[in-house]
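Trainee: Curious how this folds, go ahead:
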Amino acid sequence: MSESLSGRTPRDAKHVLVAGITSRLGRSVALELLRRGHRVRGLSRKSPTDLPSSVELVSADCLRAEPTEACDGVTHVFSCVGASVQPDLRLGRASFPRFDLPANLSLLRAAEAAGAQHFTYVSVAGAEHTRHLAYVDAHERVAEAVQRSTLASCIVRPTGFFSALEAMLPMAKRGVVPLMGNGEAVTNPIADEDLAIVCADGIEGGFSEREVGGPETLSRRRIAELAFEAWDKAPRTPALPVFFTKLSGYLLRPVNPRVADLMHFYAHVMTHDCVAQSAGQRSLANHFRAKAQATTKALPAASQS
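Mentor: Numbering: from 1, shown residues only. Below is the predicted model:
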């Protein structure tokens, strides 16, 4: 029997549905699974254009109907489906309990009905201390449903993704990144590509539950400073009272419940430590600088003069 480049035989290869494949993490997981010799089917509401032709793409909206067809024939389901974690009012208003929870429960029901064997879901690190937050509670309600299901399960709980921190880069370029509190709370965020390796290990059965972060433990102030250093700018990080962020959340709720949820989540995580077992080797400083350089190169020549 022939073997793939990864050394995995077709008999060993899993058929994995990657739900949320258009996200940075979803794409990274798909590429890592392909590298390991697995078959990948991608599920999203829009069609990605930057994936290998070997990825079978299925378009479906888990909020509108159970994606049973997307799950048909797969052995494993991986989900990072969820509302955007960027505080941009243009990126949707549905709160996390109204988006992440029903969308993932719909996917879970479809996976069970289709006869899948295993379901991997990405939740949040430190949930035992933050369950009072709507963002965390929505994720953990999904995780509990997955663990109660008829499928074998894996829950991955990262401290935070590099891609979620990229929102600091345009603020740093403009000259100011406000910090909530004194900026001394520490965390170890992980690169999406490194997290994808952890997720692939979980999909392959390497573990059933894991909290994970990156190799560097950084203060929130240091993370902001790295965003300025990516542009070779002096840091300006004025303190923003935590109560102001919480108040903003309350005021925004009628307008955009998703961003309101994020404001309350940020008010907590920016002022509390969140460190987990480290994985990967990628540096946030290098990531920020590469993103800044890519942005600069993408600008029209006239705008750079």
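Trainee: For the closest residue to Arg27 other than its chain neighbours, give its distance to Arg210.
Mentor: Leaving aside its chain neighbours, Arg27 sits nearest to Ile21 (6.1 Å; criterion: Cβ to Cβ, 6 or more residues apart in numbering). Every C-beta, even on glycine, is put in place using the N, C-alpha and C of the backbone. As judged by Cβ to Cβ, to the nearest Å, Ile21 and Arg210 stand 22 Å apart.
Trainee: now Lys14
Mentor: 19 Å.
Trainee: and what of Thr271?
Mentor: In this view, Thr271 and Arg210 are 25 Å apart by Cβ to Cβ.
Trainee: Any stretches of the stretch 201-305 of the chain with poor pLDDT?
Mentor: Residue ranges of the stretch 201-305 of the chain with pLDDT under 70: 299-305.
Trainee: Which parts of it are strands?
Mentor: With strands called from DSSP state E, counting those that start in this stretch, the stretch 201-305 of the chain shows them at 209-212, 218-219, 239-240.
Trainee: now do the stretch 51-200 of the chain
Mentor: 56-59, 76-79, 118-122, 152-158, 179-180, 186-187.
Trainee: who touches the fifth one?
Mentor: I take that to be strand 179-180. Here strand 179-180 makes contact (Cβ atoms under 8 Å, 6 or more residues apart in numbering) with 220-221, 224, 237-242, 245, 266-267, 270-271.
Trainee: so the helix ranked longest in the chain versus strand 118-122, what angle?
Mentor: In the chain, with assignment by DSSP state H, the single longest helix is helix 96-114. Between the axes of helix 96-114 and strand 118-122, defined by axes from the mean of the first three to the mean of the last three Cα atoms, to 10 degrees, the angle is 170 degrees.
Trainee: Show me what helix 96-114 packs onto, helices and strands only.
Mentor: Contacts defined by 3 or more Cβ pairs under 8 Å, 6 or more residues apart in numbering; DSSP states H and E place helix 96-114 against helix 68-71, strand 76-79, strand 118-122, helix 134-148, helix 257-269.
Trainee: Of those, give the one that comes closest to Ala185.
Mentor: Across the helices and strands packed on helix 96-114, Ala185 has its closest neighbour in helix 257-269 (7.7 Å, Cβ to Cβ).
Trainee: what's the angle between the closest one and helix 96-114?
Mentor: Computed by the same axes, to 10 degrees, the angle separating helix 257-269 from helix 96-114 equals 100 degrees.
Trainee: Distance from the chain centre to helix 257-269, please.
Mentor: Distance, stretch centre to chain centre, for helix 257-269: 16 Å (Cα atoms, centre = their mean, to the nearest Å).
Trainee: can you check stretch 20-29 too?
Mentor: For stretch 20-29 - counting by Cα atoms, centre = their mean - the centre lies 8 Å from the chain centre.
Trainee: again, but for stretch 107-123
Mentor: Relative to the centre of its chain, stretch 107-123 is centred 18 Å away, using Cα atoms, centre = their mean.
Trainee: List the buried residues of it.
Mentor: Neighbour counts over stretch 107-123 (16 or more other Cβ atoms under 10 Å) mark 107-112, 114, 116, 118-123 as buried.
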